[in-house]
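> only geometry, no sequence info:
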């Protein structure tokens with residue numbers, strides 16, 4: 001079996017990005033050769049119109065579904081066998097991703113509702129983790145995203161997340177919304 005075929009097999013079964021050093025150890029090849037083989041594998045996948053792409057992310061290498069397969073994966077995700085995060089869990093995840101480290105109380109304040117259930121779900125799925133305890137009454141936990149979160153998003157660092165400003169309505173829209181919620185209206 002060729003090194004490229006071995007890389008493809010290893011990356012296919014890997015549950016997380018695999019560091020190049022680990023791949024080199026498995027193949028018993030120098031890092032430069034493994035880099036060449038990874039580049040060749042990425043080119044092979046692109047050249048044969050594969051449903052997979054090879055990307056470097058989360059401190060290693062991993063196979064991902066091709067972006068052009070999105071429509072079909074979306075259909076698959078709506079089937080009974082596919083699992084999804086709730087809208088509430090996605091909101092909590094976004095708050096934690098952009099405001100970390102953040103406490104459960106701060107998440108609830110931002111969202112305006114209790115978020116304990118969503119936080120437990122995200123912890124159980126390994127997307128967030130407790131990063132510290134704040135001093136003071138009750139020593140509340142503060143949360144941050146995990147390497148798995150970065151991996152699932154296909155980024156290496158939090159700085160690669162899209163700017164939040166791109167998703168905030170213009171000031172005049174915000175003022176109009178706030179006006180409708182003022183007392184006496």
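Now that the structure is in, tell me what you want to look at. Values in this document were obtained by computation on a predicted structure and should not be read as measured data.

> pLDDT-wise, which helix or strand of this protein ranks last?
helix 171-181 (a mean of 66; mean pLDDT, DSSP states H and E).

> Pop the domain breakdown of the chain in here.
Listed by automatic domain parsing, the domain ranges of the chain are 3-69, 87-181.

> what stretches of the protein score poorly on pLDDT?
Where the chain drops to pLDDT under 70, the residues are 80-83, 166-169, 173-174, 176-185.

> Can you show me the helices along the chain?
If DSSP state H is used as the criterion, the helices of the chain fall at 3-13, 20-27, 31-47, 70-77, 87-99, 104-111, 116-124, 147-153, 171-181.

> related to what we said a few turns ago, out of the domains of the chain, nearest to residue 76?
Across the domains of the chain, residue 76 has its closest neighbour in domain 3-69 (9.3 Å, Cβ to Cβ). Yep, even glycine has a C-beta here, placed from its N, CA and C like the rest.

> Show me what residue 65 is bridged to.
According to DSSP bridges, the residues that bridge with residue 65 are residue 52.

> Return the residues in contact with it.
By Cβ atoms under 8 Å, 6 or more residues apart in numbering, the contact set of residue 65 is 51, 52, 53, 73.

> The third one and residue 43 touch, don't they?
To tie it back to what came earlier, the one meant is residue 53. No - checked against Cβ atoms under 8 Å, the pair residue 53 and residue 43 is beyond contact range at 10.9 Å.

> Which one's more surrounded, those two?
Set residue 53 next to residue 43 and count neighbours by other Cβ atoms under 10 Å: residue 53 wins out with 17 against 11.
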